[in-house]
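In: Let me see the structure of the following:
(2 chains)
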Amino acid sequence: MREIVYVLGGGQTRFGELWESSLLGLIREAVDQAIGNTGILPTDIDAVVIGNMLGGEAAEQAHLGTLVSGLLPHHPPALRVEAACASGGLAIHTACAFLESGKAETVLVIGAEKLTDIPGDSVTGALMHAADAEKDAPSGLTFAGVFALTALSYMHTYAITRDDLSLVSFSSHRAAVSNPFAQFRREIPVETISKSPLIADPLRLLDCSPISDGAAAVILSTRRESPVRIAASQLASESLSLIDRPGITSFGSTRTAMSHALAEAGWDRNSIDCIELHDCFSVATLIHLEDLGYCEEGEAIRLFKQCDTESSGSLPVNVSGGLKACGHPIGATGVKQVLDCYKQLTKQAPNQVKGAARALAHNLGGVGATCTIHLLESSS
Amino acid sequence: MDRIPALHRRLKELERMNFQQGKILSFTTIRHPPAGFGPEPYIVALIEHPDGSKSLAQLTREGMPPTIGAEVIPHLRRIRTMRSGLHINDLKYEVMKTQAAPLFTMHAYVLALTGPSGVGKTTITRSLLSLFQPLVEQVPLVATRRPRKTDLEPFVHVSEDEFEAMVARGEIIAHTVFTDRHEYRAGYRREDIEAVWKQTKLPIVTTDLRLLEGLSKALGRETILSCGLLPPGTSRRRMLSALLHRLRSRGQNTEEQIELQLRSAEADLKAFSTKKDLFDHLFVNDRLETCVESIKELVVPQN
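Out: Numbers count the residues shown, from 1 in each chain, chains lettered A, B, ... in the order given. Alright, predicted model coming up:
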């Protein structure tokens, strides 16, 4: 990082089917929380970046930057960024670029999505906009279907059984019990996950993160200090369509972003105390842990079998509950991950990792076509 | 949104396209189609063509059920109907041949069935063998007893000395002592398991606790998909009496032998709770079909 970028804090709405709230209502709630929790003056905000994927399709609202700017008394410059499910991570990355360049000294970053206003099959269709419209979508493939292709290939190559795969969702749901912001706060036994309805085989309902509404906001600053700073902010891409890749059981964008992020921060990956991972589908979690370099290909399931990923384990992963149990309001997720890392580093997390000083937020767009990685460090 | 000009471009593209056959790399059934594709589930596959290019396309309803590695040929078929009533055709592929499927590749595993004598290991193995005939194979047992007429399993007879030598050379990776009728040593050879893997099949072994422990030490615990089989019954006593009934009705053993087997069965049943980490799954074999069905689901996870 060219400048020291501090995370002042933030706030979020509950995630879930929030029929009472509009897109703007969700954004307003998250912004109010963020400004209230950090204690800054609204007029301290020099710029606003909002990450959102389907404002136009699902809420009939584009032009979100200016919409959000209107929530603040002084109408600061504002823009919307989009990278499918990585829109939130991209918003943080963009804000970092503003801060590092000196264009702004305090930036409000928002991630927001309102999906449940339109019917399920329309959401399914719209989510597919994250894939290649000419190569992937004409076949009638869905986004769960894309990950199902990956899952079948992964399970086939590495001999992963149904119950193995269920351990991943089991672990997220157990972690979310203590998280008041999570959409689903109860334990779900492995057998229930293994027998839940098929969505796109081999993926079942409880392998998939839910369709949710929600918003999250954080405030980043180079002017005001805080105990938590961003040590690295990286963005990486890979070909959009699965058919242009040599293999489908690993995502190059995660590998690139991770190696660049570790180099930028000057960290060893084993010095990281907790990870917020983009577990949009159970199989993705396994692939990400391998791509992040925490285990060899096909070995990630062992971490779950040994309970290493729990908050008291050697590699705490998604102790917030992840996308699976917290909900996945597309654009909000990447911002919420950074907020959860901030909570861990300031000892405010519901599932606190003891002595957490370094955290990683991994946000993914499409089938690993875009990846953002943020490394956060506490100075205390 | 129905984008008519986009459809026009796609039709032009199809006209220019060189229709290629291909092989399935992966596939899935879309149970919840997106808007515009109707309510019925359909299968979409990732297909690799001979020129190295890939495509994503639906499979036709006729043809064989898909497997990874299956060969497919292209057809132009209706893929959806627009809101205006216009039928849209696009490429769909028909599955022609599935034999080529290498179902278990390098990272192969071993299916181990463990349970007391009389619980139904042999019967379940045989029905798995007949269900997945080209995909699974039973690993021959190397033993120091003479072959019998009643032997159903593949079996290699060796002398006591040969057996000892094979253990010493590390060829036999797991061995135990069986006591049905009379005492003899038995074990599995690494080369036999690897031979099954080489044919890209799934090896099945029936084991007692010592064999299972030996195999997990030699091959790695995670290589073994370990299923414990319990006799029906709600308590250990009921389970044992169910076993007793089965052993007696076989009519192969004397009462003393049956008593010996029951005693080792009792130890086996205890191990299911004391050595939990050795087992991935426990099944009660009260009805053969449901038991086979559950194991089948583990082995073929997609459905």
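In: where exactly do the strands run in the chain?
Out: The chain I'm using is chain A. A:5-12, A:47-51, A:78-81, A:106-113, A:198-200, A:203-204, A:214-221, A:228-237, A:274-276, A:358-365, A:370-378 (DSSP state E).
In: if you could check chain B rather than the one you did, that'd help
Out: Using DSSP E, the strands of chain B run over B:22-30, B:42-48, B:54-59, B:71-81, B:87-97, B:110-114, B:136-138, B:141-143, B:155-157, B:172-178, B:184-189, B:202-207, B:224-230, B:281-284.
In: Can you lay out the ones you listed as CSV showing distance to chain A?
Out: Quick note: C-beta positions are derived from backbone N, CA and C, even for glycine. Below are the strands of chain B laid out as CSV (distance: least, Cβ to the nearest Cβ, whole Å):
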stretch, distance to chain A
strand B:22-30, 4
strand B:42-48, 5
strand B:54-59, 4
strand B:71-81, 7
strand B:87-97, 6
strand B:110-114, 10
strand B:136-138, 14
strand B:141-143, 23
strand B:155-157, 27
strand B:172-178, 19
strand B:184-189, 19
strand B:202-207, 9
strand B:224-230, 6
strand B:281-284, 7
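In: Looking at the strands of chain A, which one is packed in the most?
Out: Ranked by mean neighbour count, the strands of chain A are led by strand A:106-113 with a mean of 31 (mean count of other Cβ atoms under 10 Å in any protein chain shown).
In: pLDDT on that strand, on average?
Out: Averaged across strand A:106-113, the pLDDT comes to 98.
In: strand partners of that strand, parallel vs antiparallel please.
Out: strand A:47-51 (parallel), strand A:214-221 (antiparallel) (DSSP bridges).
In: coming back round to it: export the strands of chain B as a markdown table, with columns for mean neighbour count.
Out: What follows is those, written out as a markdown table (neighbours: other Cβ atoms under 10 Å in any protein chain shown):
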| stretch | mean neighbour count |
| --- | --- |
| strand B:22-30 | 23 |
| strand B:42-48 | 24 |
| strand B:54-59 | 22 |
| strand B:71-81 | 17 |
| strand B:87-97 | 18 |
| strand B:110-114 | 24 |
| strand B:136-138 | 20 |
| strand B:141-143 | 22 |
| strand B:155-157 | 14 |
| strand B:172-178 | 20 |
| strand B:184-189 | 22 |
| strand B:202-207 | 24 |
| strand B:224-230 | 22 |
| strand B:281-284 | 17 |
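In: can you list these in a markdown table and add mean pLDDT?
Out: Putting the strands of chain B into a markdown table (pLDDT from 0 to 100) gives the following:
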| stretch | mean pLDDT |
| --- | --- |
| strand B:22-30 | 95 |
| strand B:42-48 | 96 |
| strand B:54-59 | 95 |
| strand B:71-81 | 91 |
| strand B:87-97 | 90 |
| strand B:110-114 | 90 |
| strand B:136-138 | 87 |
| strand B:141-143 | 91 |
| strand B:155-157 | 87 |
| strand B:172-178 | 89 |
| strand B:184-189 | 91 |
| strand B:202-207 | 89 |
| strand B:224-230 | 87 |
| strand B:281-284 | 84 |
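In: domain ranges for chain B?
Out: Chain B resolves into domains spanning B:4-97, B:110-299 when parsed by automatic domain parsing.
In: quick one: terminal-to-terminal distance for the longest one?
Out: End-to-end distance for domain B:110-299: 10 Å, by Cα to Cα, to the nearest Å.
In: for that domain, the distance to its chain's centre please.
Out: Offset of domain B:110-299 from its chain centre (Cα atoms, centre = their mean, to the nearest Å): 16 Å.
In: Quick one: name the residues of the stretch 51-200 of chain A near chain B.
Out: Within reach of chain B by Cβ under 8 Å from any Cβ of the partner chain, the stretch 51-200 of chain A has these residues: A:119-122, A:124-125, A:128, A:134-136, A:138-142, A:144-145, A:148-150, A:152-153, A:155-163, A:165, A:197-200.
In: So, low pLDDT: which residues of chain B?
Out: B:1, B:99-108, B:300-303 (pLDDT under 70).
In: As a check, name the ranges of all helices in it.
Out: Assigned by DSSP state H, chain B shows helices spanning B:4-16, B:121-131, B:160-168, B:190-198, B:209-219, B:236-250, B:255-274, B:288-299.
In: other SSEs contacting the fifth one?
Out: In this structure, helix B:209-219 makes packing contacts with strand B:110-114, strand B:172-178, strand B:184-189, strand B:202-207, strand B:224-230, helix B:255-274, judged by 3 or more Cβ pairs under 8 Å, 6 or more residues apart in numbering or on different chains; DSSP states H and E.
In: what's the angle between it and strand B:202-207?
Out: 140 degrees (axes from the mean of the first three to the mean of the last three Cα atoms, to 10 degrees).
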